[in-house]
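>>> generate a structure from the sequence data that follows.
(2 chains)
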Amino acid sequence: MDLTTVWFILIAVLWIGYFTLEGFDFGVGMLLPVLARDDRERRQMINTIGPVWDGNEVWVLTAGGATFAAFPEWYATLFSGFYLPLLLILVALIVRGLAFEYRHQRPEAAWHSWWDRAIIVGSYVPAFLWGVAFANIVRGVPIDETKDFTGTIFTLLNPVGLLGGLVTLFLFLTHGAMFVALKTDGDIRHRARALSVKLGLVAAVVAVVFLVWAQLHTGNGWSAVLFVVGALALVAGIAAAYAGREGWGFIGTFVCIALAVAGLFVALFPDVMPSTTDPAFSLTTTNAAATAYTLKLMTIVAAIFTPLVLGYQAWTYWIFRKRISIHHIPEAELEGAH
Amino acid sequence: MDSILDIARWQFGITTVYHFLFVPLTIGLTLLVAVMETLWLRTKNPDWLRLTRFFGKLMLINFAIGVVTGIVQEFQFGMNWSDYSRFVGDVFGAPLAIEALLAFFLESTFLGLWIFGWDKLPRGLHAGCMWIVHIGTLFSSWFILAANSWMQHPVGYKYNPDTGRAELTDFAAVMFNKVQLVTFPHVILAAYMTAAAFVVGVSAWLYVRRAEDDRPMYRLGIRLGAWVALVAGLGVAVSGDFQGKVMTEVQPMKMAAAEALYNTEDSCAPFSIFTIGTPDGKTEKFAVTVPCLLSFLATGSFDGKVEGINDLRAQYQEKYGQDPGARYYDPSGNYTPIIPVTYWSFRYMIGLGMGGAFLAALILFLTRKGRAPTSKWFGRIAVATPLLVLFANSAGWIFTEMGRQPWVVFGLMNTSNGDSPGVSPTEAWISLVTLTLLYGGLAVIEVGLILRTIKKGAAPFEEPPNPTLGGGTDDEDRPLAFAY
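As a prediction, this is how the structure comes out:
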């Protein structure tokens, strides 16, 4: 297989890693005001992702870095083109990341609630905007002959882009609810499971509409298979959650997100960023790629270290495998609580 | 469309200097916390565990800002510098991607294990996690400094006129660039010095203020920190000296700009410690100078020749000024960095760094053989030590990056050719203002939390659980040893 194709697949794998893992982190953050009834329950939720959220976020840094190295033109066009959405995502990731680390540092109730807001907003914004970004990549955006994006922020906020945003938003909400149901015990576990079914049904509707659009727009046989199996996985996951099988429910949303992203990449191939101005200006796996030397070097590094990373990340999940109950959360005196 | 050049440069300067206020402290503190935890395991002295937890907490507050502002660093190459990214991506992207894969995963995963693992991991393994985090920070530094060294002194590539970009031909040459080999020790030792000065400062400040009972513990922190700061400080000076000689070889203009040396000195070039001159920096009114020192810094010999700005500029105009359309062409025709900036940042770097090392030595002297100074002055020295070193780091980076101008990649690409043509000034302004305000607010919160944590001092000793691997503790219902 051509090395440019290998790297197209690896970039897809990195985004799959990011969305399947940080997807539930975003979900947990977004559901904070919905599922938790008091500060201790909010802490119960936050602690389900406490040891792992940062490692999950590294997937997007690796995806960004790998795109820079393997497809410099794609990196340059995408990041300079989707400027304001990416800036918003950056701000969101900054305040959200700090919130996890700083929230518990002071006892005041007001301090906690400000950081709670940072977590909630900092999770909603990227959960929506990543979908907008990916929908626009698949849909195509105006790109000129020098490979520069010629639109504005409003070019990106088209109906398909907004629909894509709703898809990731609801998929991550469902994924997060499934995760909370899987990783907690007590009241919140039941609330999360019940909610995951309702959210899953909404997610299924928007996802199916979007995937049908993507398939008609640019799909092929393989993307159709991936989309259909992905959608079935979501439905099966919802059914499993309804039947009280939280592990299978989580696997359902996990597989659905993975296959939907995979299908979008398959539909995109061999383009990486189609141009709506002129198909001749589209960025492809060949005209956006790095040299064979760089790709070969990166392939060797990835072949050695990716299994290692997967190994120790999996080990972390095993170490922190226990469900967290409310009595696992040390009681803390809240100052100024009402 | 108007160029976003100046806005993009200000954003890069502000976000990078800010990011690097936290990074060296983090790199050094991961090492010192790992050392403290290991000393606890070895000596069983409970004070080392108290210090581990105390400085571990301060390290985490600091680490968090370094992590989240690091995301901006990786994204803004593409956002504000898309032409730069297209030109260098084949060379420059690889170290960044490898940094994420090798270093960021390691740091974030094992930091999570360390924070939450007190009741999940056996003690030795728990301490090992912090060592792994530290190794992760070293990997990270290696790759990002290799990328930066390539911008200072591009090697291991060839220019491909068909694609119009620099293409990697020899990855080992990029990894072992001679600039990299002197920069890495300089930056890492400066990071150790920063964190050690922080440990000294915090420990000494608390030593003066706390009850007698805690003094032996803070004394451990003072002595450990002061020794590391002093030794690392000497290493910073030595490695910096090597760095100066390599810099003179590959970027002679930067050395001339460090001294504002306009005319070539054939031998025994003096180094000015302090100058009052005209505002344009071209004529001096008063100066304190050390004879022949610049020759030594630049060449290793007191009668070495040091080329001046005027001669070098003429050479560069001859070499790079013939083709106005070229990537390396300087539209101003100047080929010279902003001299007052390079001159003063070079002096602040050296002066503040040496001041920090001097204070560390003074603290060692004042606390020798069990002496226990508790005067207010001792506390003030303690507070000054880390601040001097912290700002020496900033000055060093301002010098090395501003001294490379007008190029973004020395001799290959002028900075004015690297920005994003597709980004409007409005967008760039929104980004600059948003990030600056956000960073300013976060600085207030971060410093507030650091000071609050310091004032509380180290928590009393509490025997941590010692679980078997994967088994956890006997009592499944007991609260987590650590929770957010």
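>>> hey, let's count contacts and neighbours off CA atoms from now on
Fine.
>>> part of a strand, is B:Thr289?
Yes: the assignment for B:Thr289, made by DSSP: H, G, I helix; E, B strand; the rest coil, places it in a strand.
>>> can you show me the helices along the stretch 201-350 of chain B?
In the stretch 201-350 of chain B, the helices defined using DSSP state H, counting those that start in this stretch lie at B:215-250, B:252-259, B:293-299, B:309-320, B:339-366.
>>> the residue of the stretch 301-450 of chain B found nearest chain A - how many residues pack around it?
Chain A sits closest to B:Gly422 of the stretch 301-450 of chain B, with a gap of 5.7 Å, by CA to the nearest CA. Other residues near B:Gly422 come to 27 when the count uses other CA atoms under 10 Å in any protein chain shown.
>>> please name the residues that touch it.
For B:Gly422, the contacting residues are A:80-81, A:148-150, by CA atoms under 8 Å, 6 or more residues apart in numbering or on different chains.
>>> surely A:Glu73 touches A:Thr286?
No: if you go by CA atoms under 8 Å, A:Glu73 and A:Thr286 don't touch, sitting 10.3 Å apart.
>>> would you mind telling me which of these two has more residues around it?
Between A:Glu73 and A:Thr286, counted using other CA under 10 Å, A:Glu73 has the larger neighbour count: 31 against 16.
>>> what about the more buried one, distance to chain B?
Look at A:Glu73 and chain B: by CA to the nearest CA, to the nearest Å, they are 5 Å apart.
>>> counting contacts, what elements does the helix or strand containing that residue pack onto?
Assignment of secondary structure by DSSP states H and E places A:Glu73 within helix A:72-81. Secondary-structure packing of helix A:72-81 (3 or more CA pairs under 8 Å, 6 or more residues apart in numbering or on different chains; DSSP states H and E): helix A:53-70, strand A:271-273, helix B:46-80, helix B:82-98.
>>> the contacts of B:Gly422, buried ones only, as a ChimeraX selection?
In ChimeraX, this line selects whichever of the contacts of B:Gly422 come out buried by 16 or more other CA atoms under 10 Å in any protein chain shown:
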select /A:80,81,148,149
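>>> which residue does the stretch 151-300 of chain A bring closest to chain B?
Closest point on the stretch 151-300 of chain A to chain B, by CA to the nearest CA, is A:Ala290, at 5.2 Å.
>>> ok, that residue touching A:Ala66?
No: the pair A:Ala290 / A:Ala66 is not scored as a contact, 10.6 Å apart, by CA under 8 Å.
>>> hmm, back to that, the helix holding A:Glu73 vs helix A:53-70, what angle?
Per axes from the mean of the first three to the mean of the last three CA atoms, to 10 degrees, the angle that helix A:72-81 makes with helix A:53-70 is 120 degrees.
>>> got the CA positions of helix A:72-81 in PDB?
Taking C-alpha atoms only, helix A:72-81 is exported to PDB below (Å, rounded to 0.1, in the frame of the first residue of the first chain):
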ATOM      1  CA  PRO A  72       1.600  19.600   5.700                       C
ATOM      2  CA  GLU A  73      -0.700  21.100   3.200                       C
ATOM      3  CA  TRP A  74      -3.800  19.600   4.800                       C
ATOM      4  CA  TYR A  75      -2.600  20.900   8.200                       C
ATOM      5  CA  ALA A  76      -1.900  24.400   6.900                       C
ATOM      6  CA  THR A  77      -5.200  24.700   4.900                       C
ATOM      7  CA  LEU A  78      -7.400  23.200   7.600                       C
ATOM      8  CA  PHE A  79      -6.000  25.100  10.600                       C
ATOM      9  CA  SER A  80      -5.800  28.500   8.900                       C
ATOM     10  CA  GLY A  81      -9.200  27.900   7.200                       C
END
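>>> now do the SS call for B:Ala372.
Classified using three-state DSSP, B:Ala372 is coil.
>>> and the lengthiest helix in chain B, what's buried?
Taking DSSP state H as the criterion, chain B has its longest helix at helix B:5-43. Judged by neighbour count (16+ other CA under 10 Å), helix B:5-43 contains these buried residues: B:5, B:7-9, B:11-13, B:15-41.
>>> SS state for A:Ala290?
A:Ala290 falls in the coil class when you classify it by three-state DSSP.
>>> need phi/psi at it.
Main-chain torsions, A:Ala290, degrees, to the nearest 10: phi -80, psi 180.
>>> measure it to A:Gly249 for me?
A:Ala290 is 40 Å from A:Gly249, where distance means CA to CA, to the nearest Å.
>>> re the thing from before, and the longest helix of chain B, anywhere near chain A?
No: Helix B:5-43 lies apart from chain A when judged by CA under 8 Å from any CA of the partner chain; the minimum separation is 11.9 Å.
>>> what's the closest non-adjacent residue to B:Asp170?
Excluding the flanking residues, the one nearest B:Asp170 by CA to CA, 6 or more residues apart in numbering or on different chains is B:Gly156, at 4.5 Å.
>>> I misspoke; the intended subject was A:Glu22.
Take A:Glu22 and drop its neighbours on the chain: the residue closest to it by CA to CA, 6+ apart is A:Asn56, 5.3 Å away.
>>> what does B:Tyr320 give?
Nearest non-adjacent residue to B:Tyr320, counting by CA to CA, 6+ apart: B:Tyr329, 5.9 Å away.
>>> tell me how far that neighbour lies from A:Tyr293.
Taking CA to CA, one finds B:Tyr329 at 29 Å from A:Tyr293.
>>> settle it for me: which of those two has more neighbours?
Each of B:Tyr329 and A:Tyr293 has its neighbours counted (other CA under 10 Å); B:Tyr329 has more, 27 against 16.
>>> returning to what we had before: average pLDDT for the longest helix of chain B?
Per-residue pLDDT values across helix B:5-43 average out to 97.
>>> could you list every helix and strand in contact with it?
Packed on helix B:5-43, when contacts are counted by 3+ CA pairs under 8 Å, 6+ apart, are helix B:46-80, helix B:123-152, helix B:178-209, helix B:376-402, helix B:425-456.
>>> distance to A:Leu87 for the ones you listed - can I get that in a markdown table?
Converted to a markdown table, the helices and strands packed on helix B:5-43 look like this (distance: least, CA to CA, whole Å):
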| stretch | distance to A:Leu87 |
| --- | --- |
| helix B:46-80 | 9 |
| helix B:123-152 | 22 |
| helix B:178-209 | 30 |
| helix B:376-402 | 24 |
| helix B:425-456 | 7 |
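>>> out of those helices, which is the most enclosed?
Of these, the one with the most neighbours on average (mean count of other CA atoms under 10 Å in any protein chain shown) is helix B:178-209, at a mean of 26.
>>> name the helices or strands packed onto it?
Using 3+ CA pairs under 8 Å, 6+ apart, helix B:178-209 is in contact with helix B:5-43, helix B:123-152, helix B:215-250, helix B:339-366, helix B:376-402, helix B:425-456.
>>> reformat the ones you listed as TSV; add distance to B:Asp303.
Below are these laid out as TSV (distance: least, CA to CA, whole Å):
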stretch	distance to B:Asp303
helix B:5-43	36
helix B:123-152	27
helix B:215-250	14
helix B:339-366	22
helix B:376-402	25
helix B:425-456	46
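>>> the longest helix of chain B versus helix B:123-152: what angle between them?
Using the same axes, to 10 degrees: helix B:5-43 against helix B:123-152 is 150 degrees.
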